[in-house]
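In: Output the structure for:
(one chain, ligands or ions: 2)
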Amino acid sequence: MAKIGIFGANGRMGRALVQVCHEQQLDLAAATVRAGSSWLGQDAGELAGCGRFGLPLVATSAEAVQSADVWVDFTMPEPMLEHLSLAVAAQKAMVIGVTGLTDAQYQRVQQASTQIPVVWAPNMSVGVNLLLHLVQTAAKVMGQTADIEIIEAHHRFKKDAPSGTAMAIGASIAKTLGRDLADCAVYGREGMTGEREHNTIGFATVRGGDIIGDHTALFADLGERLEITHKASSRITFAQGAIRAAVWLQNKQPGLYSMQQVLGLAELN
Ligand SMILES: NC(=O)C1=CN([C@@H]2O[C@H](COP(=O)(O)OP(=O)(O)OC[C@H]3O[C@@H](n4cnc5c(N)ncnc54)[C@H](OP(=O)(O)O)[C@@H]3O)[C@@H](O)[C@H]2O)C=CC1
Ligand SMILES: O=C(O)C1=N[C@H](C(=O)O)C[C@H](O)C1
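Out: Ligands and ions are numbered 1, 2, ... in the order given. Next up, the predicted model:
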């Protein structure tokens, strides 16, 4: 059984990951928090509401990284890249769910994946990964005439916008239509915008309360519109996907793997 490690175990996703390891009786070998964190020394199980594990939270370090075979990271772009360097040095596999990466940061993930096995995905849920396929079919049928808008809603604490998932939906549609997302994306509208430019893909962002994560791809034509919506009702769905990826990743060769591959959806392409 793979020894699993969690970086940022005190975060919203960090706690959900601990919970899923517990529910699935997996070998959670290490859980880290940032150096100087007030959570240092607390029990990982108690923090996640699962009862005492006898597994104290330790500071992220080269030494701590040795304790697990596969590490899971839902922190933030900069700390994630530091964790990735530790994983490369220790030759450990890594599952990354962090969003809001710049192109340069994503290239560093790609570079690291030449040395260790990595899964990176902006959304680890089964439903969103299926949606990424469904929008391709919708784009093929309606994309030339319909106006395409992507609407996402998340909790008030989220730091990046549009969500990584919204960007992946946009990229999936743009690729199907032979468009470059960088050229056709419109992020929000204000003032005298003029009529909608036909070949654009619009993004709208909502932030509020404790919304876990809603995404809609809208194909709006004259006389009808199609909306494909996914709503997450618990972070556990993301954590289950990430832990599934961690188990899948053990003994894989170095490479950058997608959630589509983990879930066996790649052949739907
Ligand atoms: N791919 C997917 O399916 C999903 C992806 N996400 C993504 O996961 C990421 C985390 O989301 P969420 O759990 O809500 O975020 P939280 O803010 O709850 O957790 C972030 C974690 O990162 C740590 N962290 C933040 N900054 C630093 C730093 N400078 N150095 C070290 N540690 C740091 C935090 O530690 P501290 O508390 O000490 O600051 C905390 O442990 C986001 O990018 C989000 O978009 C979220 C859900 C699903
Ligand atoms: O920050 C979040 O919470 C989430 N982030 C991911 C994203 O940016 O797409 C996935 C999920 O919607 C939750």
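In: How many residues are close by the residue of the chain found nearest ligand 1?
Out: Residue nearest to ligand 1 within the chain: Gly11 (2.4 Å; CB to the nearest ligand atom). The C-beta positions use only the backbone N, C-alpha and C, and glycine is treated the same way. Using other CB atoms under 10 Å, Gly11 is surrounded by 16 other residues.
In: can you tell me which residues contact it?
Out: Shown in contact with Gly11 (CB atoms under 8 Å, 6 or more residues apart in numbering): 74-75.
In: all helices for the stretch 151-269 of the chain, in order.
Out: Ranges of helices within the stretch 151-269 of the chain are 164-176, 181-184, 236-249, 259-263, based on DSSP state H, counting those that start in this stretch.
In: circling back to that earlier point, distance of the residue of the chain closest to ligand 1 relative to Gly5?
Out: Per CB to CB, to the nearest Å, Gly11 is found 14 Å from Gly5.
In: One more: Gly49?
Out: In this view, Gly49 and Gly5 are 20 Å apart by CB to CB.
In: Comparing these two, which residue is more hemmed in?
Out: Comparing Gly49 with Gly5 by other CB under 10 Å, the one with more neighbours is Gly5, at 28 against 10.
In: Helix, strand, or coil at the more buried one?
Out: Here Gly5 is recorded as strand under DSSP: H, G, I helix; E, B strand; the rest coil.
In: My guess is it contacts Asp73. True?
Out: No: applying CB atoms under 8 Å as the test, Gly5 and Asp73 come out as separate, 9.4 Å apart.
In: Isn't Gly164 up against Pro122?
Out: Yes: counting by CB under 8 Å, Pro122 is a contact partner of Gly164 at 2.9 Å.
In: Determine the residues that are contacts of both of those two.
Out: Thr99.
In: out of those two, which sits in the more crowded spot?
Out: Each of Gly164 and Pro122 has its neighbours counted (other CB under 10 Å); Pro122 has more, 22 against 19.
In: helix/strand/coil for the more buried one?
Out: coil.
In: Quick check, it in contact with Ala171.
Out: No: with contact defined as CB under 8 Å, Pro122 does not reach Ala171; the gap is 9.9 Å.
In: what sits in contact with each of these two?
Out: By CB under 8 Å, 6+ apart, Pro122 and Ala171 have no common neighbours.
In: what residues does the stretch 151-269 of the chain put near ligand 2?
Out: 154, 158, 163-165, 213 (CB under 6 Å from any ligand atom).
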